[in-house]
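> pasting a predicted model and its sequence here:
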Amino acid sequence: MPMNRLRIKFFAAVRERLGVEEMALEVAPGTTAALLLERLRGEYPQAAPLLATVRVAANQEFVEDAHVLGDGDEVAIIPPISGG
Amino acid sequence: MPMNRLRIKFFAAVRERLGVEEMALEVAPGTTAALLLERLRGEYPQAAPLLATVRVAANQEFVEDAHVLGDGDEVAIIPPISGG
Amino acid sequence: MIELTDAVIDPARLIAAVAGPDCGALALFLGTVRDSHEGRKVLRLSYEAYRPMALNKLQEIQIEIAQQWPGTRVALVHRLGTLGLGEISVGIAAASPHRDAAFAACRHAIEQIKAVVPIWKKEFWADGTQWVGQPESKTS
Amino acid sequence: MIELTDAVIDPARLIAAVAGPDCGALALFLGTVRDSHEGRKVLRLSYEAYRPMALNKLQEIQIEIAQQWPGTRVALVHRLGTLGLGEISVGIAAASPHRDAAFAACRHAIEQIKAVVPIWKKEFWADGTQWVGQPESKTS
């Protein structure tokens, strides 16, 4: 089964905790935003509490938990916003 | 009976209609703001409609119709305010 | 800062008068000369004040705001004389620890200025003039 | 005018971007770096953004305001990088024919920026740092 390639971007507290701004990830077709977060929490337990508070954006739009991520998507992990 | 001396100041539309910025006026003791306006409307009929829309200030404070004007008061005839 | 002025109002001066590191929010309001009013084309405006009472009233508004929104500072400036289109007639700056108070104080100030400060505006059109709020108008 | 900038925000530029003789009212909001937050003494702040999405969201806010308050123009600028006390982190100017719309649009803009624009603020204290809105803090 061909995998989907995602580009994942991290910001603020999550970026600092992971020590990485961006990574490429291969996921199975049908992977949702919620599944991606679950996988990240499993692979990066040190960031799991922070990853429990984030929203996901795909191609610069916020998406729901059930949103299916597509091949080539730019996925951003969005911690609680605090601009202004 | 000694009269009270008032200094009366006019502004905006009323000032232009009367053609005067300020006048001295002698009034009987006990003269109220309402009585002063009545007298001005009688003496300056050309300004009577404008004088029906004004408020009175004595010594730089708005006063009620029944306020008794005192000797030496600076009385201002205040048309509808339109600053801002 | 409380001023009635015949000079151009500089928003930067208003901001500087109230800003400070104890405040996280600053709201500014500028009233500017609009090119139309109630369907008529306006060429310019002229403002007149009962100066000593207007200054007193502006100061009362400033004190009232400091009491109602503790920690909030306001600057209140009104222009007098003749103003061209787009010029600033009134400027209000309110700085506060938080934005709710900054917005509320700024809004309160302009409403109070329009209600109790003895200042009058005359509109000049191509074919006449009018003291705003007066029923009459005349061709000049 | 929509900007994310590493340079100092100049309120005069914001005002100039929206002002015009068709407008009688201009409301400006500035967020500034406050010296304390929830009882802790703040030394400086640092802002980070997901830049392309933040610009898109600012533009959406601008379009939404033009639709909700016809005739109203807004300028939206957010600073990024490190800011000292008193510096301006966000600047919003809204010009409108009337003041109700100018105030409402300005207020709406700052609330929306805080809700949907991906920008994050880190506080620096004498004894640590914190990304605002995150439970954790650490001693640096």
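Received the coordinates, thanks.
> tell me which helix or strand residue C:67 sits in.
helix C:51-68 (DSSP states H and E).
> in that helix, what's buried?
Using 16 or more other C-beta atoms under 10 Å in any protein chain shown as the test for burial, helix C:51-68 gives C:53-58, C:61-62, C:65. Every residue, glycine included, has its C-beta placed from N, CA and C.
> list the contacts of residue A:65.
A:32-34 (C-beta atoms under 8 Å, 6 or more residues apart in numbering or on different chains).
> right, and residue A:57 touches residue A:81 too?
No: counting by C-beta atoms under 8 Å, residue A:57 sits too far from residue A:81 to count as a contact (11.1 Å).
> who touches both of those two?
residue D:118.
> would you mind measuring from residue C:75 to chain B?
15 Å (C-beta to the nearest C-beta, to the nearest Å).
> secondary structure element holding that residue?
Assigned by DSSP H and E, residue C:75 falls in strand C:73-79.
> what angle do that strand and helix C:51-68 make?
Interaxial angle of strand C:73-79 relative to helix C:51-68 (axes from the mean of the first three to the mean of the last three C-alpha atoms, to 10 degrees): 160 degrees.
> just the CA atoms of strand C:73-79, as PDB, please.
Below are the C-alpha coordinates for strand C:73-79, written out as PDB (Å, rounded to 0.1, in the frame of the first residue of the first chain):
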ATOM      1  CA  ARG C  73      -5.100  57.000  31.800                       C
ATOM      2  CA  VAL C  74      -6.800  59.200  29.100                       C
ATOM      3  CA  ALA C  75      -5.600  62.100  27.000                       C
ATOM      4  CA  LEU C  76      -8.400  64.300  25.600                       C
ATOM      5  CA  VAL C  77      -7.700  66.900  22.900                       C
ATOM      6  CA  HIS C  78     -10.200  68.900  20.800                       C
ATOM      7  CA  ARG C  79      -9.300  71.100  17.800                       C
END
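> spell out which residues of chain C are next to chain D.
Within chain C, the positions near chain D by C-beta under 8 Å from any C-beta of the partner chain are C:11-12, C:15, C:19-36, C:85-86, C:95, C:97, C:99, C:102-103, C:106-107, C:110.
> quick check: which ranges of chain A have low pLDDT?
For chain A, no stretch is flagged by pLDDT under 70.
> in it, which helix has the most residues?
The longest helix of chain A (DSSP state H) is helix A:33-43.
> so residue A:81 touches residue D:114, yeah?
Yes: judged on C-beta under 8 Å, residue A:81 makes contact with residue D:114 at a distance of 6.9 Å.
> just give the nearest non-adjacent residue to whichever residue of chain A sits closest to chain C, would you?
Nearest to chain C in chain A, going by C-beta to the nearest C-beta, is residue A:84, at a distance of 8.4 Å. Using C-beta to C-beta, 6 or more residues apart in numbering or on different chains and skipping the chain neighbours, the partner closest in space to residue A:84 is residue D:114 (4.4 Å).
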